[in-house]
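> one predicted model, sequence on top.
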Amino acid sequence: QKEVEQNSGPLSVPEGAIASLNCTYSDRVSQSFFWYRQYSGKSPELIMSIYSNGDKEDGRFTAQLNKASQYVSLLIRDSQPSDSATYLCAVEGAGGGNKLTFGTGTQLKVEL
Amino acid sequence: NAGVTQTPKFQVLKTGQSMTLQCAQDMNHNSMYWYRQDPGMGLRLIYYSASEGTTDKGEVPNGYNVSRLNKREFSLRLESAAPSQTSVYFCASSEGLDHEQFFGPGTRLTVL
């Protein structure tokens, strides 16, 4: 089992819809969770962090964390074509030690 | 603030040549990292430095060496480049190992 797992996609959603991106992780003691967005040919950019169970909202983005079930998700409301990118989940401690382990990313395509 | 800077942006090497990728951060971060990213493989950690004066191997260290020159700078050296090292290389930094990471723009390396 990979330490941080994401569906590679592509996940296609119509413009204006809600995109739901999921990530599961293997280490029950992980405490910090991050979502990055990476446009093609660019570097990863931090968009959300979450540390406690429940939801955290920032504009059109909502991160959801469930430590008991070991998953973290990212919801993007009112999806726009500019949201088309690869979304990386990063989990502290999932790979041993306390550094971040990244998933391989989910490609999101928002279609007109 | 420039954040994390990397030089060069692009490089073409012949097999067996050596080169050093440079990385610097101006955020006074303690930890720095080198990743490579290949299609379908996600980010793979090559080496990291938890703090000034320390370096540790990551997931794929073979063929690489690093130097944490000071708190700001972390370089990656390829002593004898191989075609398998053709990749995009990202440097990142963070306040600590369990904190969010900030990425440089990347170096696109081709080894012929």
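Alright, I've got the coordinates.

> is stretch A:51-61 positioned near chain B?
No - for a cut-off given as Cβ under 8 Å from any Cβ of the partner chain, stretch A:51-61 has no contacts with chain B; the smallest distance is 10.3 Å. No exception for glycine: its C-beta is placed from N, CA and C like everyone else's.

> how long is that stretch end to end?
Criterion Cα to Cα, to the nearest Å; first-to-last residue distance in stretch A:51-61 is 16 Å.

> run through the bridge partners of residue 92.
By default, I'm working from chain A. A:Leu100 (DSSP bridges).

> that was the other one, I meant chain B.
In this entry, B:Ala92 is beta-bridged to B:Tyr33, B:Phe103, by DSSP bridges.

> you'd agree it is up against B:Phe102?
Yes - counting by Cβ atoms under 8 Å, B:Ala92 does reach B:Phe102; the two are 6.2 Å apart.

> quick check: neighbours shared by those two?
Contact with both B:Ala92 and B:Phe102 is made by residues B:Val4, according to Cβ atoms under 8 Å, 6 or more residues apart in numbering or on different chains.

> residues touching the residue of chain A found nearest chain B, list them.
Taking Cβ to the nearest Cβ as the measure, chain A has A:Thr104 as its residue closest to chain B, at 3.4 Å. When contacts are counted by Cβ under 8 Å, 6+ apart, A:Thr104 touches A:6, A:8, A:88, B:40-42.

> what do you get for B:Ser87?
Counting by Cβ under 8 Å, 6+ apart, B:Ser87 makes contact with B:36-38, B:109.

> give me the distance between the two termini of stretch A:59-73.
By Cα to Cα, the extent of stretch A:59-73 from end to end equals 16 Å.

> show me the contacts for the closest residue to B:Asp56 other than its chain neighbours.
Ranked by Cβ to Cβ, 6 or more residues apart in numbering or on different chains and with sequence neighbours excluded, the top spatial neighbour of B:Asp56 is B:Tyr48, at 5.7 Å. By Cβ under 8 Å, 6+ apart, the contact list for B:Tyr48 reads A:99, B:31-34, B:55-56, B:58, B:97.

> tell me how many other residues crowd the spatially closest residue to A:Gly93 that is not a sequence neighbour.
Nearest residue to A:Gly93 in three dimensions, chain neighbours excluded: A:Ser30, at 4.5 Å (Cβ to Cβ, 6+ apart). By other Cβ atoms under 10 Å in any protein chain shown, 23 other residues sit near A:Ser30.

> repeat that for B:Met32.
Here the count is done by other Cβ under 10 Å, and B:Met32 has 28 residues near it.

> coming back round to it: checking the residue nearest to B:Asp56 next. Helix, strand or coil?
strand (DSSP: H, G, I helix; E, B strand; the rest coil).
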